[in-house]
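K.L.:
just a sequence and a predicted model for now, questions to come.
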Amino acid sequence: QKQSGGAHCSSVWSLSCSEEAMITRRDFVRSGLIAAGTAPVIPTILARSVFAATAEGVHNDRVLVIVQLAGGNDGLNTVVPYADPAYHRARSALALDPTKVLQLDPSTALHPSLTNLERLYGAGQLAIVQGVGYPQPSYSHFESMYVWSHADPARQRSDGWLGTLLQSQLDQSGHPLTACALHETSTPAELSASSATVTVVDSIASYRLQGDAAERSAAPALYRQTPGAYGALFDTALATAQSGISQLQQTQQTYRPAVTYPTDATAAEISAALQLAASLVVTQPSTKLCHVLLGGFDTHQDELARQAALLTALDASLSAFLADLEAHGQAQRVLTATWSEFGRRIAENGSGGTDHGAAAPMFLLGPAVQGGLHGEAPSLTSTVDGGNLKYTVDFRSVYQTLIRDWLQADPSSVLGGTFPNLQLLKV
């Protein structure tokens, strides 16, 4: 189990399949958990786990699944202004054929790879928020991801927006499965916060204490060698960890996917992550937040083929996920939202791709969404910074909707203010 707050318990115990220190007495001594002649030191992250209350602290049974499209997805070739002459002038090689795009209305279409999302759009289960961005956009991956992850264009905050929400309103008790990063190797920045408990799960099968059976069975004895209250605290922490393992093993035993998820190379990671998210939704009532990631969208070269493959993977995986939830009777509980750190420039470059841009669309999926197009499509001729799209919707307005209208929490304390309302949900 990996937890946020700027530290992992890797020298104490690890519940991830990533490479971590084995649990040995030397590790305990080195980490200060067993000290010769000195008082042991309790890591902050461990103390939070130990002192957590048993109550889960959740408000409802709703789940938010965040899908990060890392690298900067080209929004103009995802939600396509196919009837705009400026689009075709700027992209003589990359503009999509108007006869092949999936037309939503006389001016807007989806990429041809998004056939399942087109079907969901027709069923009223896909909301497309156009022109999402923020003032004075950064064209650096790291800076813009920081802005989106922390809901902070000024890049001053240290805690992620979901981590802030988690620790203050959704789960003050530190339940191990309330917030999960799935098929990832570290806590995503948006879930990270000083007092947030986040579990990073690569796969259920590998989610266990590292080390062989003898080492794992020796851990309680090593804890008991620590005198007084500290030994009791360590013992409680280990029990909490083992409880999380047990819950996930139960998930593996009781959940069976009701649909076939895609398994091709491009879709494998996000598909497995979303299937894991479905298993948690179906079997773990305490789960509130899931984060999954699909990378590869930094399409400076060979964009047509690369983006088509990525969007095909996204489309098939999201469709399977929603169908799986529906078959298990859980679809009404789940809202899925996508984001990318920025879009791409309007004009193509000389390498068959596009460079870092600004505003781009977001997708919200599920039975609870108010399907259709939301927000104003950005102009391709009135631009910012010499050829980038001006945002028409502040991304924090979308976050506000997710926090207030879906999770039924207070957005102002998370976002540091209020933003224009969007009618994105039916609820």
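P.N.:
Structure's in. What do you need?
K.L.:
mind listing the helices for the stretch 251-400 of the chain?
P.N.:
With DSSP state H, counting those that start in this stretch, the ranges of helices along the stretch 251-400 of the chain come out as 268-283, 303-327, 395-401.
K.L.:
C-terminal to the last one, what's the next element?
P.N.:
Using DSSP states H and E, the helix or strand that follows helix 395-401 towards the C-terminus is helix 412-415.
K.L.:
what residues sit buried inside that following helix?
P.N.:
Buried residues in helix 412-415, counted by 16 or more other CB atoms under 10 Å: 414, 415. Quick note: C-beta positions are derived from backbone N, CA and C, even for glycine.
K.L.:
can you put the helices of the stretch 251-400 of the chain in TSV and add mean pLDDT, distance to residue 143 and mean neighbour count?
P.N.:
Formatted as TSV, the helices of the stretch 251-400 of the chain follow (pLDDT from 0 to 100; distance: least, CB to CB, whole Å; neighbours: other CB atoms under 10 Å):
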stretch	mean pLDDT	distance to residue 143	mean neighbour count
helix 268-283	96	25	23
helix 303-327	98	23	21
helix 395-401	98	14	23
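K.L.:
redo these as CSV? Include distance to residue 191.
P.N.:
Output for the helices of the stretch 251-400 of the chain, formatted as CSV (distance: least, CB to CB, whole Å):
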stretch, distance to residue 191
helix 268-283, 14
helix 303-327, 19
helix 395-401, 14
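K.L.:
can you pull out the low-pLDDT segments for the stretch 101-250 of the chain?
P.N.:
Scanning the stretch 101-250 of the chain for pLDDT under 70 picks out 204-246.
K.L.:
tell me where it has strands.
P.N.:
Secondary structure of the stretch 101-250 of the chain (DSSP state E, counting those that start in this stretch): strands at 102-103, 109-110, 126-133, 179-182, 199-201.
K.L.:
of all these, which one is nearest residue 253?
P.N.:
strand 199-201 (15.8 Å; CB to CB).
K.L.:
what is the neighbour count of residue 264?
P.N.:
Neighbourhood size, residue 264 [other CB atoms under 10 Å]: 11.
K.L.:
ignore what I typed, I meant residue 98.
P.N.:
By other CB under 10 Å, 13 other residues sit near residue 98.
K.L.:
follow-up on the earlier one: mind checking which of the strands of the stretch 101-250 of the chain is nearest residue 423?
P.N.:
Of all those, the one in closest proximity to residue 423, counting by CB to CB, is strand 126-133 (9.5 Å).
K.L.:
same for the closest one, what does it pack against?
P.N.:
helix 115-122, strand 360-365, strand 372-374, strand 393-394, helix 395-401 (3 or more CB pairs under 8 Å, 6 or more residues apart in numbering; DSSP states H and E).
K.L.:
quick one: strands adjacent to it?
P.N.:
Using DSSP bridges, the strands paired with strand 126-133 are strand 360-365 (antiparallel), strand 372-374 (parallel), strand 393-394 (parallel).
K.L.:
can I get those in CSV including mean pLDDT and distance to residue 421?
P.N.:
Shown next, in CSV, are the strands paired with strand 126-133 (pLDDT from 0 to 100; distance: least, CB to CB, whole Å):
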stretch, mean pLDDT, distance to residue 421
strand 360-365, 98, 15
strand 372-374, 98, 11
strand 393-394, 98, 11
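K.L.:
how far away is residue 286 from residue 97?
P.N.:
Distance from residue 286 to residue 97, counting by CB to CB, to the nearest Å: 47 Å.
K.L.:
which one's more surrounded, those two?
P.N.:
Using other CB under 10 Å as the criterion, residue 286 and residue 97 rank with residue 286 on top: 17 against 9.
K.L.:
pretty sure the more buried one sits against residue 179.
P.N.:
No: if you go by CB atoms under 8 Å, residue 286 and residue 179 don't touch, sitting 9.9 Å apart.
K.L.:
name the residues contacting each of these two.
P.N.:
When contacts are counted by CB atoms under 8 Å, 6 or more residues apart in numbering, residue 286 and residue 179 have residue 171 as shared neighbours.
K.L.:
ok, back up a step: may I see the strands of the stretch 101-250 of the chain arranged in TSV, with distance to residue 320 as well?
P.N.:
Compiled in TSV, the strands of the stretch 101-250 of the chain are given as follows (distance: least, CB to CB, whole Å):
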stretch	distance to residue 320
strand 102-103	19
strand 109-110	18
strand 126-133	15
strand 179-182	15
strand 199-201	19
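K.L.:
so which of those comes closest to residue 367?
P.N.:
strand 126-133 (10.9 Å).
K.L.:
any chance you could list what contacts that closest one?
P.N.:
79, 104, 117, 120-121, 339, 342-343, 358-365, 369-378, 389-395, 398, 422, 424.
K.L.:
do stretch 372-388 as well
P.N.:
Residues from elsewhere that reach stretch 372-388 (CB under 8 Å, 6+ apart): 76, 81, 84, 86-87, 90, 104-105, 107-108, 121, 124, 127-132, 137, 139, 345-347, 357-359, 389-393, 422-424.
K.L.:
in that stretch, what's buried?
P.N.:
Within stretch 372-388, the residues that count as buried by 16+ other CB under 10 Å are 373, 374, 375, 377, 378, 380, 383, 384, 388.
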